[in-house]
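K.L.:
Give me the fold of what follows.
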Amino acid sequence: MTAHRTGTAPQAKARRGRPPSTALSQDLILDTALSIVDREGPDALTLRRLGADLGTNHTAVLRHFAGKDEILLGLAERLIREAMDGFAPSANWRPTLETLARRVRAACLAHPRVAVLTATRVSRREAEFHGADVVVGALRRAGFEDRDAARYYRALVDTALALASHEAAVVALGGASGEGDRTAWRREYLAASPARYPDLAAVAPHLAAADEDDQFETTLGLLLDAVELRAHAGH
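P.N.:
Numbers count the residues shown, from 1 in each chain. Now for the predicted structure:
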């Protein structure tokens, strides 16, 4: 006779290596969502896919998040938290803003597909509030009144995120399309006819040399130069 087996063994085997639904947490769900988007892109992130990767029914995810949109806000917060991790403001406002902008860019490039998905969102969570407080504090130390500090905060953050997410979109594109766009500066633009496009042909070698690092630093410098001029004008 075959020995009687309990009904729990097959289930335990099927779930081996996956966390039981009772172990779910917001952090674990966000870890899994981040991994899915990093590997396969935004379209792969569904509640059912999350449930499958977590080894549970997707309805268990909804006990921790109201829906997919709240998960996206959590991912946006993850990028900001990564940018803010270990960050200490400088005594001077400009180095503080420069360093923070570079950190935001680094976080976006570390997770380009997540950045494309979430860069325009307002997470309204702790890391975002911390980052906002740092930027607004730097602008107030620069001498701006509260109204201008609020306006310039929005302009600086939106511009830094736009730059970083644009670059992340290029990275996420990948493959032949992404490489073709990059090499266009070194190929088609350098071949532009001087007779037909004299000014473009004159600067074409420099366009090819202006890589992503140069573009980010140049735009950041232009923006902060404008902020600094306005700060001095107000004194």
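K.L.:
how about low-confidence regions in this structure?
P.N.:
Within the chain, the stretches with pLDDT under 70 are 1-22, 175-178, 235.
K.L.:
Run the chain-centre distance for the top helix by length along it.
P.N.:
Using DSSP state H, we find that the single longest helix of the chain is helix 146-173. When C-alpha coordinates are averaged (C-alpha atoms, centre = their mean, to the nearest Å), helix 146-173 and its chain have centres 10 Å apart.
K.L.:
begin at 47 from here
P.N.:
Happy to do that; since the first residue is 47 now, the last one works out to helix 192-219.
K.L.:
And that helix, what's buried?
P.N.:
194-195, 198-199, 202-203, 206-207, 209-219 (16 or more other C-beta atoms under 10 Å). To be clear about C-beta, it is placed using only N, CA and C from the backbone, and glycine gets the same treatment.
K.L.:
And stretch 237-246, what's buried?
P.N.:
Ala238.
K.L.:
what's that stretch in contact with?
P.N.:
With contact meaning C-beta atoms under 8 Å, 6 or more residues apart in numbering, stretch 237-246 is reached by 235, 247-248, 250.
K.L.:
So which of these wins on neighbours?
P.N.:
The most crowded member of the contacts of stretch 237-246, judged by other C-beta atoms under 10 Å, is Ala250 (19 neighbours).
K.L.:
ok, then the element right after the strand or helix carrying that residue?
P.N.:
Ala250 is part of helix 244-255, with elements assigned from DSSP states H and E. Once the chain leaves helix 244-255, the next helix or strand it forms, by DSSP H and E, is helix 258-279.
K.L.:
That following helix packs against which elements?
P.N.:
helix 139-156, helix 192-219 (3 or more C-beta pairs under 8 Å, 6 or more residues apart in numbering; DSSP states H and E).
K.L.:
farthest-separated two in the contacts of stretch 237-246?
P.N.:
Tyr235 and Ala248 (11.6 Å; C-beta to C-beta).
K.L.:
Same list (the helices and strands packed on helix 258-279) but as TSV, adding distance to Ile117.
P.N.:
Formatted as TSV, the helices and strands packed on helix 258-279 follow (distance: least, C-beta to C-beta, whole Å):
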stretch	distance to Ile117
helix 139-156	18
helix 192-219	18
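K.L.:
check contacts around Ala254.
P.N.:
231-232, 235-236.
K.L.:
If any of these are buried, give me the PyMOL selection for them.
P.N.:
Here is the PyMOL command that selects only those of the contacts of Ala254 that count as buried (16+ other C-beta under 10 Å):
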select buried, resi 231+235
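K.L.:
Looking at the contacts of Ala254, which is nearest Phe262?
P.N.:
When these are ranked by distance to Phe262 (C-beta to C-beta), Trp231 comes first, at 15.6 Å.
K.L.:
which residues does the closest one contact?
P.N.:
253-254, 256.
K.L.:
how about CSV for these, with distance to Lys114 added?
P.N.:
Formatted as CSV, the contacts of Trp231 follow (distance: C-beta to C-beta, whole Å):
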residue, distance to Lys114
Leu253, 41
Ala254, 42
Ala256, 38
